[in-house]
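Quick one, what's the 3D model for this:
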Amino acid sequence: MTTAVADLRSLREHPFDLLREIERRSRLALTGNPGDEAGADEWVGIGLRLGNERFVMARDDVREVLMMPTSLTRVPGARAWIRGLANVRGHLLPIVDLRAYFGGGEASPDRTARVLVANDSEYAVGLIVDEVYGFRRFLQRERVSDFPQPAIRAERCLDAAFRRGLEVWPVLSLEKLVQSREFQRAAED
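Now for the predicted structure:
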């Protein structure tokens, strides 16, 4: 019995870890990389869509993904991209239309829209996106700093991008977003 098979058998009692290891090995095989070299080299994010464009946000920047709240309470005097406040399990959460914030029009009201709850200790905020694709895993060597700018004005909140084949996934930085002066000035002038 090979050590690779033995390693998988040792994960038999931990199905989530077993699936993660099978996925990691599948990705390595798909990219043509031999052996176990990728583990610590991997970057994991959440793929999302704003309008017709794809982005990725670091997994650690997102606490949870929610369905669109059925009820939002408008905040008088707030900018148009602030959709309102939602009651999420007894806590008020400001909901921001991320596409509208970037000047790309309002998020689509269809059933694919989701709210990404920011994992930030200082700013509790939910970000409406048009669609969530789930986890996206990239190798650090797929990270590029030279990539085409998106059509929506998100460049001030981009860190870099990941390029895999013909696909380019710009990285939206939660830190850059919540620290920006414009984002913090949610009230109309």
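
only C-alpha atoms for contact and neighbour calcs from this point on.
OK.

I figured residue 136 hits residue 54, correct?
No: using C-alpha atoms under 8 Å, residue 136 is not in contact with residue 54, being 11.4 Å away.

what's the next secondary structure element after the top helix by length along the chain?
Counting residues, the longest helix in the chain under DSSP state H turns out to be helix 15-31. Next helix or strand after helix 15-31 toward the C-terminus (DSSP states H and E): strand 42-50.

For that following strand, buried residues please.
For strand 42-50, burial by neighbour count (16 or more other C-alpha atoms under 10 Å) applies to 43, 44, 45, 46, 47, 48, 49, 50.

in the longest helix of the chain, what's buried?
18, 21, 24, 25, 27, 28.

what stretches of this structure score poorly on pLDDT?
1-6, 29-40, 188-189 (pLDDT under 70).

From the buried residues of strand 42-50, pick the one nearest residue 100.
Checking the buried residues of strand 42-50 against residue 100 with C-alpha to C-alpha, the nearest one is residue 50 at 9.4 Å.

what about that closest one, distance to residue 101?
Distance, residue 50 to residue 101, by C-alpha to C-alpha, to the nearest Å: 11 Å.

before we move on, what about residue 111?
Looking at residue 111 against residue 101, where the rule is C-alpha to C-alpha, the gap reads 20 Å.

Show me which of the two is the more surrounded one.
residue 101 (21 against 10; other C-alpha atoms under 10 Å).

Contact partners for the spatially closest residue to the more buried one that is not a sequence neighbour?
Ranked by C-alpha to C-alpha, 6 or more residues apart in numbering and with sequence neighbours excluded, the top spatial neighbour of residue 101 is residue 81, at 5.3 Å. By C-alpha atoms under 8 Å, 6 or more residues apart in numbering, the residues touching residue 81 are 96, 97, 98, 100, 101, 106.
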